[in-house]
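Participant: below are the sequence and a predicted model; questions follow.
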Amino acid sequence: MGSQTTSAAPPIFEAVPIFEAVIVPHRSLSPAALRRLMLALAAMSVLTSIGFWLLGAWPVVGFSGVEIALAILLLRLNAEAVRSSELLLLTEQGLRVVRTDRRGRRQERVLDAGWLNVVLEERPGRVPALLLAQRGHIEEVARQLGETDKRALAAALGAALHRWRNPVFDNPQLR
């Protein structure tokens, strides 16, 4: 008889992103290509082991088996790391750094963007470190990136922080 009314829940405040960067490790092999590579390595190892066995150097077979097992294990671990990622999200509330490891576990840290400095620390002979410094706390981000990509990310994040801290207001009365 009576109509039932349901009130909608108030909308959850979503922060509008000012800057967003998703960092994922580079992988040059597809899963199928990785399987082919592992099979090719195993086949070459078996052929080499047979040759050494026929020459009478049978202990080489054991070492070759351990070597190929270790190589395949390391390739698998490298392939699993493709699920890891890092998200840098700058909003009005601050800079969120969300890290996801290869098993899907997430770590999240929110940094106050008002006090944040982007520092590119040069390290002789190595890729520079991209650091986010805030009131005595330092957080390194983008460890997987190469030098060129790190420099571009540092410049883009620094520019986004500058735009956020120094907004340009359009006042029609001043035109």
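Facilitator: In hand now; what should we look at? Numbering: from 1, shown residues only.
Participant: what sits up against the strand or helix carrying Ala133?
Facilitator: Per DSSP states H and E, Ala133 falls inside strand 129-134. With contact meaning CB atoms under 8 Å, 6 or more residues apart in numbering, strand 129-134 is reached by 95, 97, 111-112, 115-121, 123, 138-142, 145, 150, 153-154. (Glycine included, C-beta is placed from N, CA and C.)
Participant: restricted to helices, list the residues you listed.
Facilitator: When DSSP state H is applied, the contacts of strand 129-134 are split such that 150, 153-154 fall in helices.
Participant: quick one: Ala155 from Val16, how far?
Facilitator: Between Ala155 and Val16 the computed distance is 22 Å (CB to CB, to the nearest Å).
Participant: which one of those two has more residues nearby?
Facilitator: Ala155 (12 against 6; other CB atoms under 10 Å).
Participant: contacting residues for the more buried one?
Facilitator: The contact partners of Ala155, taken as CB under 8 Å, 6+ apart, number zero.
Participant: one step back: return a PyMOL selection command for the buried portion of the contacts of strand 129-134.
Facilitator: The following PyMOL line selects those of the contacts of strand 129-134 that are buried, judged by 16 or more other CB atoms under 10 Å:
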select buried, resi 95+97+111+116+118+141+142+145+150+153+154
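Participant: the strand holding Ala133: partners in the sheet, and parallel or antiparallel?
Facilitator: If you go by DSSP bridges, strand 129-134 pairs up with strand 117-121 (antiparallel), strand 137-141 (antiparallel).
Participant: now do the buried residues in it.
Facilitator: If you call a residue buried by 16+ other CB under 10 Å, then strand 129-134 has these buried ones: 129-132, 134.
Participant: now find how far off-centre the lengthiest helix in the chain is within its chain.
Facilitator: Using DSSP H, we find that the single longest helix of the chain is helix 31-55. Using CA atoms, centre = their mean, to the nearest Å, the mean C-alpha position of helix 31-55 is found 32 Å from that of the whole chain.
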